[in-house]
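**Student:** give me a 3D structure for the following:
(chains A and B)
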Amino acid sequence: GAGVSQTPSNKVTEKGKYVELRCDPISGHTALYWYRQSLGQGPEFLIYFQGTGAADDSGLPNDRFFAVRPEGSVSTLKIQRTERGDSAVYLCASRSRGANTGELFFGEGSRLTVL
Amino acid sequence: GENVEQHPSTLSVQEGDSAVIKCTYSDSASNYFPWYKQELGKRPQLIIDIRSNVGEKKDQRIAVTLNKTAKHFSLHITETQPEDSAVYFCAASGGAQKLVFGQGTRLTINP
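**Tutor:** Predicted coordinates for the structure are as follows:
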């Protein structure tokens, strides 16, 4: 596609449930990032993939959060036993390895609400 | 790890005046400093960036300055227009490629 695509755009779930958020990056972009943005805050780094491997997962808040990118393209962020504090917009971004700048191209985000 | 502080959190200026947003960073190894603009309900989009081997960069009404010694960088918008109203984020990254964002500045341009 032309841009980074994220699904679902909105997800409402109950506390304790399992959630998957999907990101389809720009074709050919090798780097993929997940960020979390709470209302009125800047994007908070979660994890960064270079190809299939997680190059830096230092931002994942705890072991309830996990992300995969098995074929080096689409990525899934998985949240187990969701808590109300997980409510936020989850942003995915991709970047071309050969780009002259480090520009990240963001998706529209997945808004997660945990009731 | 890197920590980025951004000020002010809100800024209101008259149309046609200039706006300045400032950021400081903690990691002296950081070498890439982009600025993103986020309109309400939209995705963040890059508006300008600067690398550590350059002190200033300009693109039409937007400019960014970098002081590596003091570890701070600033965004300058001249001749502000209503469409400049948005939230602006600074960010910093080093060789690790992890981009750390500031808390954001909500800029309002008053007609």
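**Student:** hey, let's count contacts and neighbours off CA atoms from now on
**Tutor:** OK.
**Student:** residue contacts, the nearest residue to A:Glu14 once chain neighbours are set aside?
**Tutor:** Spatial nearest neighbour of A:Glu14, excluding adjacent residues (Cα to Cα, 6 or more residues apart in numbering or on different chains): A:Leu115 at 4.9 Å. By Cα atoms under 8 Å, 6 or more residues apart in numbering or on different chains, the contact set of A:Leu115 is A:12-15, A:84.
**Student:** list only buried entries from those residues.
**Tutor:** Buried subset of those (neighbour count, 16 or more other Cα atoms under 10 Å in any protein chain shown): A:13, A:15.
**Student:** so which of the contacts of A:Leu115 belong to strands?
**Tutor:** Among these, the residues falling in strands (DSSP state E) are A:12-13.
**Student:** contacting residues for A:Gly3?
**Tutor:** A:25-26, A:105, A:107.
**Student:** the spatially closest residue to A:Gln41 that is not a sequence neighbour and B:Asp59: what is the separation?
**Tutor:** Nearest residue to A:Gln41 in three dimensions, chain neighbours excluded: B:Gln103, at 5.2 Å (Cα to Cα, 6+ apart). Distance of B:Gln103 to B:Asp59, given as Cα to Cα, to the nearest Å: 24 Å.
**Student:** and the two? which has more neighbours close in?
**Tutor:** It is B:Gln103, of B:Gln103 and B:Asp59, that has more neighbours when counted by other Cα atoms under 10 Å in any protein chain shown, with 23 against 11.
**Student:** give me phi/psi at that one?
**Tutor:** B:Gln103 adopts backbone torsions of phi -80, psi -10, taken as degrees, to the nearest 10.
**Student:** correct me if wrong: it contacts A:Glu44.
**Tutor:** No. In this structure B:Gln103 lies outside contact range of A:Glu44 using Cα atoms under 8 Å: 9.3 Å.
**Student:** coming back round to it: contact partners for the residue nearest to A:Gln41?
**Tutor:** B:Gln103 is in contact with A:40-43, B:4-6, B:9, B:89, counting by Cα under 8 Å, 6+ apart.
**Student:** same check on B:Gly1?
**Tutor:** So B:Gly1 contacts B:Asp27 (Cα under 8 Å, 6+ apart).
**Student:** what about the strands in chain A?
**Tutor:** Going by DSSP E, chain A shows strands at A:5-7, A:10-13, A:19-24, A:31-37, A:44-50, A:53-56, A:65-68, A:75-79, A:88-95, A:105-106, A:110-114.
**Student:** typo on my end, chain B
**Tutor:** Counting by DSSP E, chain B has strands at residues B:4-7, B:10-14, B:19-25, B:32-38, B:45-51, B:56-59, B:62-67, B:72-77, B:86-92, B:100-101, B:105-110.
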